[in-house]
Structure formats: C-alpha cells, structure tokens
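Trainee: please work out how this folds:
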Amino acid sequence: MTAQTVSRSPGRRSGGREGRAAWILAIPFCLLFLAFTAWPVVQSMFMSFTDTKARDLRSPFSVNIIGLDNYTKALSDPVFRKAAANTAYFVLVGVPLTLVLALAAAIALDKGITRFRSVFRLGFYTPVITSIVAVAVVWRFLLQDPGGLINTVLGWVGIDGPNWLGDPNWSMPALIMMASWRNFGTAMIIFLAGLQAVPAELHEAAAIDGAGAWRRFRHVTMPLLRPTLLFVMVTTSIGYLQVFEEPFVMTKGGPLDSTITVSYNTFQQFGFGNYGLASAMSYLIFVVIAIVTALQFRLLRERT
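Mentor: This next block holds a predicted model:
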C-alpha cells in the first residue's frame, strides 16, 4: 500500500490564523463594551425597579425592589410632564426647521453656489464641530436683552425684540434656533451626498418633457432622496429627543421650567441622588425614541 499524505491547503491555514487574529484584536473592544456599555445598561434597568439612592451605592444589596413605582412616579410628576411637553415641542419644531435649513443649504451647494463651494461647505459645517461652550457664548451675545445683536437688528426696523432667554414664551424658540443652527451642518452633508447621487440624465429627461425646476425637484429629486431623508429625520429626531446641552449651558432649564427637557430632568434627578427614578426616566425616553423611530420608518415606507 502506498502511504498518502493529506496536507491542508494554504488558504485554509491562513484563513484560520486570520480568524484567530481577528478574535484576539476584538477582545479588548468586547471587554470595554461589556464594562462600560452593556453592564451600565443592565444595572440602570435594574435600578429603575428599585428605590436606589446615592447612599445605597456603598451597600447595593440594601435596596428594595419596588416594581413600577418609579415609572408611575415619573409619569405623575408635573415637572416630568412639563419636561416631556417641552421635549415634544423641541422635536416638532426643531426637526423640520433643521431639515429645511439643511436641505436648502445642500441644494444651494449642489446647484447654486459654484465658486468657493468648499469654503461655504466648511462654514456651514463648522458649528457642528465647535464646542458647545463657544456656541453658547456666541448665542448669548446674539440673544441678550438689551444690547443683543438680534434685538438690535430688529430695532432698526421698528420691532421691539423680546427677552429671548428671560421670557418663558421665547426661551424655547431661542434654544431651537440655536440647536438648528448648530446641527444642520451634519444633515446638510448627508443631503448633499444624496443630491449628488441623483443621475443627471433624469433631470435632463424631465427638462426635455417641459418640467420646471420645482416639478423636477418634486417628482425626480425627492423620490430618490427619500432614503436619505428618512435617515436624517430619524437621527435628528433621536438627537433632539435627548436634547440636553442647549438647556444646560444656556438656561439651566429656566425660566420657570420653560426649557427643561426629559434629559435635563433626568440629569437633575441623578444629581439629587434619586438613581432609581432617574433610571426609570431614562427608559421612558428610550421607549418614546423607539416608538417615534418606528413610526417614521413606517410613514416613509408607505409613501415610497
């Protein structure tokens, strides 16, 4: 009998080594993810069903499981209800405003602005990468009363500008303006990529058929831009449902809780040491985000 030697193919051996190397390289990330993401999520979920206070962190086994009491307490708290209403107002006004600004800027960069396009693109995107503290300084200068730039300009045309940050009726619109200006750059870049992906041949064919600029935009550009619009709308809504930085640096939730949001109220409860209640608030906003995202997906899919 002739002895036959069966050898493994070089491709299989190299594939096995690459697989092991990939797992070894992934281990640090997995450990960090478990330690700083997965475990805090699980711990926060558990805390939301307990009466955990700051003093209980030294003796975690002394907490009491109270079921859904934190959730019912949050939903019945007038401050949390006010925060939820303010957050809804912020989303319902801020998201459309941000999308309109972003889409208008993207169309201008794609079709209208031909010279210094890169400069304009950088200028529109700069607020996104600017520190929130620097942005707050600029907007306080714009919005302060008296002497703010916006009210000064309004005074030139005979309009008595409001106390933007001191009047409960105007403080939230002021924060929405600031947030839209600060965040529309990201959406603009995404919209611009979507617009540049629309084939020029479709616009040319529509123009030959006699379609004007508005009809080409409505019947050619927008249908092809819907996936991009869905992505931008969902991500912007998620961000605005968790809005925190603007009220934190500008108004501290005031005046008269007119700018307090769910995230800021949750931050306050953590500061008060009410960890169980704060955790419940966090999961309530998580549920709202999941519902809003699902509705947006369904709405745009039905129109596609």
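Trainee: so what's the residue lying closest to residue 265 once chain neighbours are set aside scoring on pLDDT?
Mentor: Beyond its immediate neighbours in the sequence, the residue positioned closest to residue 265 (Cβ to Cβ, 6 or more residues apart in numbering) is residue 83, lying 4.2 Å away. C-beta: built from backbone N, CA, C; applies to glycine. Listed pLDDT for residue 83 reads 95.
Trainee: ok now the helix or strand where residue 83 lies, how far from the chain's centre?
Mentor: Following DSSP states H and E, the helix or strand that holds residue 83 is helix 78-107. Taking Cα atoms, centre = their mean, to the nearest Å, one finds the center of helix 78-107 at 10 Å from the center of the full chain.
Trainee: show me what it is packed up against.
Mentor: helix 168-196, helix 222-241, helix 262-271, helix 275-303 (3 or more Cβ pairs under 8 Å, 6 or more residues apart in numbering; DSSP states H and E).
Trainee: rerun at 10 Å
Mentor: Applying 3 or more Cβ pairs under 10 Å, 6 or more residues apart in numbering; DSSP states H and E, we find helix 78-107 packed against helix 69-76, helix 117-129, helix 168-196, helix 222-241, helix 245-250, helix 262-271, helix 275-303.
Trainee: among these, which is nearest residue 101?
Mentor: helix 168-196 (4.3 Å; Cβ to Cβ).
Trainee: angle of that closest one against helix 222-241?
Mentor: Relative orientation of helix 168-196 versus helix 222-241 (axes from the mean of the first three to the mean of the last three Cα atoms, to 10 degrees): 140 degrees.
Trainee: what residues of the following helix or strand past helix 168-196 count as buried?
Mentor: Past helix 168-196, further along toward the C-terminus, the next helix or strand under DSSP H and E is helix 200-208. Across helix 200-208, burial judged by 16 or more other Cβ atoms under 10 Å covers 203, 206.
Trainee: do stretch 213-231 as well
Mentor: Applying 16+ other Cβ under 10 Å to stretch 213-231 flags 216, 217, 220, 221, 225, 228, 229, 230 as buried.
Trainee: just the CA trace of it, in CSV.
Mentor: Taking Å, rounded to 0.1, in the frame of the first residue of the first chain, the C-alpha atoms of stretch 213-231 are listed here in CSV:
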residue,chain,number,x,y,z
ALA,A,213,-37.3,73.3,-11.6
TRP,A,214,-40.0,72.8,-8.9
ARG,A,215,-41.6,69.8,-10.7
ARG,A,216,-38.1,68.2,-11.3
PHE,A,217,-37.4,68.6,-7.6
ARG,A,218,-40.7,67.2,-6.5
HIS,A,219,-41.0,64.3,-8.9
VAL,A,220,-37.4,63.4,-9.6
THR,A,221,-35.2,64.5,-6.7
MET,A,222,-37.4,63.9,-3.7
PRO,A,223,-38.4,60.3,-4.5
LEU,A,224,-34.8,59.4,-4.9
LEU,A,225,-33.9,61.3,-1.8
ARG,A,226,-36.4,59.6,0.5
PRO,A,227,-34.0,57.1,1.9
THR,A,228,-31.6,59.9,2.8
LEU,A,229,-34.5,61.9,4.2
LEU,A,230,-35.6,59.0,6.4
PHE,A,231,-32.1,58.6,7.8
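Trainee: please compute how far that stretch lies from its chain's middle.
Mentor: Worked out by Cα atoms, centre = their mean, stretch 213-231 lies 23 Å from the chain centre.
Trainee: try stretch 126-137
Mentor: With Cα atoms, centre = their mean, you get 16 Å for stretch 126-137.
Trainee: pull the residues that contact it.
Mentor: 122, 138, 178-189, 244-246, 248-250 (Cβ atoms under 10 Å, 6 or more residues apart in numbering).
Trainee: shaky segments in the stretch 51-200 of the chain?
Mentor: 55-62, 112-114 (pLDDT under 70).
Trainee: spatially central residue in the chain, please.
Mentor: Centroid-nearest residue in the chain, with Cα atoms, centre = their mean: residue 239, separated by 1.6 Å.
Trainee: Provide a list of residues in contact with that residue.
Mentor: Here residue 239 is in contact with 91, 94, 95, 98, 179, 183, 186, 289 (criterion: Cβ under 10 Å, 6+ apart).
Trainee: what do you get for residue 81?
Mentor: 74, 75, 265.
Trainee: top of these by neighbour count?
Mentor: The most crowded member of the contacts of residue 81, judged by other Cβ atoms under 10 Å, is residue 265 (28 neighbours).
Trainee: I'd say that one and residue 78 touch.
Mentor: No. With contact defined as Cβ atoms under 10 Å, residue 265 does not count as touching residue 78 (11.1 Å).
Trainee: what touches both of those two?
Mentor: By Cβ under 10 Å, 6+ apart, the residues touching both residue 265 and residue 78 are residue 257.
Trainee: excluding chain neighbours, what is closest to residue 195?
Mentor: In space, residue 195 is closest to residue 110, 4.5 Å off (Cβ to Cβ, 6+ apart).
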